[in-house]
Every structure is written in C-alpha cells, then in structure tokens.
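> kindly return the folded structure for what I paste below:
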Amino acid sequence: MRIRTQAWDGRDPERLAASLRSAAPQPEGIAAAVAATIENVRTGGDAAVAKLSERFDGVAADPVEVAAARIAAAPDEIASELRAAIEVSVANVRAVAAAQLGEPAELTLADGQRIEVDEVPVGSAAIYVPGGRAPYPSSVVMGVVPARVAGVGRVVVASPPDAATGEPSPVVLAAAAIVGADAVYAVGGSQAIAALAYGTESIHPVDVIAGPGSPWVQEAKLQCSRRVGIDGYAGPSELVVIATDEVPCEWIALDLCAQAEHGNDGLLVAISTDAAWLERLAEAIESVQARRDDPGESVFDLILVDGVDAALALSEALAPEHAEVVTADSNRDARRLTTAGCVFIGPRSATAFGDYAAGSNHVLPTGGAGRFTGPLGPGTFRRRISRVEMSAAAATALAGTVDEIARAEGFPLHGESATARASGRNDLGKGE
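Okay, here's the model as predicted:
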C-alpha cells in the first residue's frame with residue numbers, strides 16, 4: 001500500500017489526471033494470447049473450450065450448460081437473508097432500468113414525409129460473471145435485470161466453474177434463478193467470451209456480451225466486438241472523493257479501501273481543501289487496510305486544493321468510475337460533474353450502495369471512458385431503428401436535393417433513384 005499526498009495549484013487538471021492514472025499497473029502482453037484463445041474456440045468449439053478451461057481454470061464443466069433444475073433449486077440452498085437481499089437489489093435495479101426506457105418518436109414533415117425512430121431489443125444477450133476469488137451474485141443482478149427490462153428474448157449467464165463442483169457458485173446460480181436467466185454456462189475467461197461470440201456445439205452465440213471481468217475477459221470482449229456487441233471495457237475499480245465539508249474521514253477511508261478490495265490496480269483519489277483532514281484520512285486508510293487479510297499494494301492519492309472548483313475540475317479530467325461529492329452544496333456541485341460513471345451525493349451516499357442495492361448499475365465506464373459512455377442499462381441491449389415513408393409529394397419535394405448532393409459526391413445513380421420516385425418514371429438507363 002502507498003499513500004501519496006500532494007498539493008495542487010489548480011492548473012492543467014488534464015496533466016495531473018494523466019499522472020495519477022499512470023501510477024496504476026497496466027495489463028500488458030495479453031492481446032496475442034487472447035487472440036489465440038479466440039481462434040481456438042472459433043475453430044475448435046466445445047473441445048477447445050474444455051481444453052482451455054482445464055488449462056486456465058483447472059476444471060472443465062461437462063456438460064458446460066448447468067441443468068435448469070439445478071438452477072431452479074439454487075435459491076433454496078442459500079441463506080434466506082442473502083436471498084432476500086438479492087431480491088431487494090433486483091427490485092431496485094429493475095425500477096431504475098425501467099425508468100430509462102424511451103418511447104418511439106415519430107415526425108411527420110412537409111408533404112407526407114414521415115420518419116419514425118424506435119428502439120428494439122437485441123435478440124439475445126450474455127452476462128459474464130467473474131469467479132475465482134469470490135462469487136459475484138451482484139453482477140448477475142446488474143447484468144440480467146437491465147437486459148430483461150430491455151425486452152431481450154434470451155438472456156444467459158457465463159461464470160467459471162468451481163474446481164470441486166464443476167459448476168458456478170450456488171450463490172451465482174441462485175441469483176440467476178431469481179432474475180430469470182434462461183441458461184447458465186459453467187465456463188470463464190476469454191474462452192467464455194469467444195464461445196458466446198462465435199458459438200460452439202453447446203453454447204449458442206449471442207448478440208451482446210456485457211459484464212465485468214479480468215483484463216483477459218475484457219480484452220476478449222474488445223477483440224470479439226466486430227462479431228458481437230459489447231458494453232465497453234470494464235476495467236479496474238475507480239473512486240474519486242471530493243470532500244470539502246464535514247464528513248468523518250473514517251467513512252471516506254472505508255469507501256476508498258472498499259474499492260481497493262477489487263485489486264491493486266484501481267484509481268483511488270481523495271481531494272480536499274483541508275490539509276489536516278487529509279492527514280487524518282491517511283491515518284484512517286492505514287488503519288482500515290491493516291484490518292484486511294491481504295491489504296495489497298494499492299495506491300491512494302490525497303490531493304490538497306484551494307477550492308471546490310479545482311476539485312471538480314480534476315474529477316472531470318479523471319472521468320472516474322465513481323465519484324463522491326461532500327461539499328457545502330453537494331447537490332449543486334454533484335450536478336457539475338458530467339464525466340463520472342456514477343456520482344454519489346452527500347456524506348451518507350457511500351459508493352457501496354451503488355455497488356449492490358441502490359438500483360444504479362455497478363457496471364460503469366472505467367479508464368476515463370466516462371467522457372463518452374455511461375453505465376450498463378437497458379440501452380446496452382437495445383438498438384435504434386429508423387423507418388422512413390415518402391409520399392409522392394414528399395419524394396417530389398426532396399428528389400432535387402438528393403440529386404444535387406449525390407452528383408456532387410460522384411454517385412449519379414443515387415440521384416436517379418430519388419428522381420425516379422418523383423417523376424414516376426421506370427425507364428432504366430436514361431443516362432445523361
């Protein structure tokens with residue numbers, strides 16, 4: 001663990017943001033290996049998946065699809081308190097996801113030109129749920145619920161099998177049953193992504209793959225994105241805290257160290273106008289990390305600034321996965337942040353609520369991707385489609401415009417296609 005404290009004068013936030021991000025270790029040397037894995041699965045199917053799973057996970061499930069009866073029984077095998085907690089999370093995530101659905105838009109322009117813009121769900125989707133160190137039922141909820149709300153017809157889960165049982169954790173299976181997943185595949189890693197993208201004898205290909213995972217999983221998603229839709233690159237966990245008003249430093253230390261539980265490569269930043277408070281925060285971080293069995297080598301950056309404006313500017317430049325805002329006017333200042341994946345407002349709004357039960361999604365843009373994308377939601381599993389209808393009058397009104405632009409671009413047949421509708425002629429090859 002390292003704690004770095006510095007004072008910043010507020011100039012060139014982009015430069016400081018780049019410096020802070022450079023401290024995190026970067027995944028290297030996996031692109032070629034992932035490409036080989038994808039090609040093996042694409043050409044070798046189930047046999048390749050089994051061989052790769054034995055190599056990377058130490059176990060290959062047979063069959064790879066968990067039996068429906070086994071999934072249905074799983075909720076009764078976990079503690080009733082955990083089952084109730086998952087059900088609360090499902091209800092909140094479903095409510096937030098449902099609020100994001102948009103209505104079709106229809107415009108009728110001059111002379112009977114009608115344009116309709118609609119959203120339709122993709123046909124199938126897969127949610128990748130990491131395994132290994134621990135089960136992640138929350139990732140099942142965060143992925144499957146928005147897909148279901150979006151109207152996706154077939155939603156499946158892929159998660160690595162346990163070496164002892166040959167299937168994913170009972171908690172993952174229980175969550176899959178509670179949210180109504182159509183199937184669960186006991187396969188993980190980049191081989192799972194390849195199988196979901198290209199299909200095997202046992203795994204039907206899907207239209208969209210979403211969910212968190214290791215750098216190998218995320219690299220596989222990127223490499224398969226020409227074949228299948230993806231939600232984005234879900235990288236190491238990130239948290240930026242802006243604290244310029246009274247808030248117990250112990251709370252913020254817990255928030256930062258909680259995100260460090262995900263690994264040593266995350267971005268963990270606290271920004272304040274109070275040097276003494278930052279000193280106490282550093283002590284609190286050391287105290288919390290000392291309680292962990294494996295405190296790891298996470299880097300905590302504590303930044304002293306001279307005002308809220310500088311703090312907000314640095315957070316905007318970092319575009320973090322999570323941002324917490326505790327200022328004299330938290331509501332106003334939080335709404336000035338536009339690049340964070342999710343913003344938590346006020347001293348009581350710990351990031352952990354969003355990770356599990358608040359209803360907002362915990363699959364969020366990382367690595368600065370908040371500048372151009374947002375949280376996982378129903379929109380990830382829906383696509384826009386336009387429908388155009390031209391009356392005779394509308395065709396006549398627009399044909400000349402189309403013809404002019406098409407000929408300027410060297411596409412005269414585009415122009416003829418439009419003018420033929422305007423004139424009603426059907427004598428091909430008139431030429432000019």
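
> let me see the ranges of the helices in the stretch 51-200 of the chain.
68-73, 80-98, 137-150, 170-179, 189-198 (DSSP state H, counting those that start in this stretch).

> kindly report the same for the stretch 251-400 of the chain.
Using DSSP H, counting those that start in this stretch, helices in the stretch 251-400 of the chain cover 275-291, 308-318, 330-334, 351-356, 392-408.

> can you give me the neighbour number for A164?
7 (other Cβ atoms under 10 Å). The way it works is simple: take the backbone N, C-alpha and C, and place the C-beta from them, glycine included.

> for Y356, same thing?
Per other Cβ under 10 Å, the neighbour tally for Y356 reads 17.

> leaving out sequence neighbours, find the closest residue to it.
Among residues not flanking Y356 along the chain, S138 sits closest, at 5.4 Å (Cβ to Cβ, 6 or more residues apart in numbering).

> tally of neighbours for that neighbour?
Neighbours around S138, by other Cβ under 10 Å: 21.

> so it is in contact with H362, correct?
Yes. Using Cβ atoms under 8 Å, S138 is in contact with H362, at 6.5 Å.

> shared neighbours of these two, anything?
355-356 (Cβ atoms under 8 Å, 6 or more residues apart in numbering).

> as a check, name the ranges of all strands in the stretch 1-150 of the chain.
2-7, 105-108, 113-121, 124-128 (DSSP state E, counting those that start in this stretch).

> S315 is nearest to which of the ones you listed?
Between S315 and the strands of the stretch 1-150 of the chain, the shortest gap by Cβ to Cβ is with strand 2-7, which sits at 15.7 Å.

> pull out the buried positions in that closest one.
I3 (16 or more other Cβ atoms under 10 Å).

> hang on, the earlier thing: can you redo the helices of the stretch 51-200 of the chain as CSV, where the extra columns are distance to R383 and mean pLDDT?
Converted to CSV, those look like this (distance: least, Cβ to Cβ, whole Å; pLDDT from 0 to 100):
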stretch, distance to R383, mean pLDDT
helix 68-73, 29, 97
helix 80-98, 16, 97
helix 137-150, 10, 98
helix 170-179, 22, 98
helix 189-198, 17, 98
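
> so G131 is in contact with G188, correct?
Yes. G131 is in contact with G188 according to Cβ under 8 Å; the separation is 5.5 Å.

> please name whichever of the strands of the stretch 1-150 of the chain is nearest to A183.
Nearest to A183 among the strands of the stretch 1-150 of the chain is strand 124-128 (9.2 Å), distances taken as Cβ to Cβ.

> the closest one packs against which elements?
Judged by 3 or more Cβ pairs under 8 Å, 6 or more residues apart in numbering; DSSP states H and E, strand 124-128 is in contact with helix 137-150, strand 154-159, helix 189-198, strand 208-210.

> any buried residues in the first one, and which?
Buried positions in helix 137-150, judged by neighbour count with 16+ other Cβ under 10 Å: 137-150.

> columns distance to R11 on top of these, output as CSV?
As requested, the buried residues of helix 137-150 are arranged in CSV below (distance: Cβ to Cβ, whole Å):
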residue, distance to R11
P137, 45
S138, 40
S139, 40
V140, 45
V141, 43
M142, 38
G143, 41
V144, 46
V145, 44
P146, 40
A147, 44
R148, 48
V149, 44
A150, 44
